[in-house]
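my questions concern the predicted model and sequence given below.
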Amino acid sequence: QVQLEESGGGLVQAGGSLRLSCAASGRPNSWYTMTWFRQAPGKEREFVAAIRWSGGSTYYADSVKGRFTISRDNAKITVYLQMNSLKPEDTAVYYCAAGSCYSASGCYRESSYNNWGQGTQVTVSS
């Protein structure tokens, strides 16, 4: 079991940047994949980005590709989400999660992840 804690959310103007962090309390297994999902008010939780702990393969939702970058620090057991060119539609609670996805398509599915953080609010003003 991995305990996850997000930080770095806040209020930013459109076009600005934020960096979210997700610190894991235990060392993820080599096959673990770490991910960011988000949930806007009145909407379902949606996939944002994922990174495999071993190998570092990354996956992105089309809506954030080219603007967001997911990365990891093995020594700190921390995953980051660098968010640039933020838009008001990026406003949501962002959740970090860990799990195992054995296929690329699986990494996009919420059901692949069984460890979730509490979430951090990101608000982008127009």
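That came in fine, so what should we check first?

use CA for all of it now, contacts and neighbours both
Fine.

ok, now which ones touch residue 48?
With contacts defined as Cα atoms under 8 Å, 6 or more residues apart in numbering, the neighbours of residue 48 are 35, 36, 37, 38, 60, 61, 64.

who wins for most neighbours among the residues you listed?
The residue in the contacts of residue 48 with the most neighbours, by other Cα atoms under 10 Å, is residue 35 (30 neighbours).

if we can go back for a sec, now tabulate the contacts of residue 48 in a markdown table and tack on secondary structure and distance to residue 27.
A markdown table is the format used below for the contacts of residue 48 (DSSP: H, G, I helix; E, B strand; the rest coil; distance: Cα to Cα, whole Å):
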| residue | secondary structure | distance to residue 27 |
| --- | --- | --- |
| 35 | strand | 15 |
| 36 | strand | 18 |
| 37 | strand | 21 |
| 38 | strand | 24 |
| 60 | strand | 23 |
| 61 | coil | 26 |
| 64 | coil | 28 |
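
what pLDDT does the model give the one residue sitting closest to the centre of the chain?
In the chain, the C-alpha nearest the mean C-alpha coordinate belongs to residue 36, at 1.9 Å (Cα atoms, centre = their mean). Per-residue pLDDT puts residue 36 at 98.
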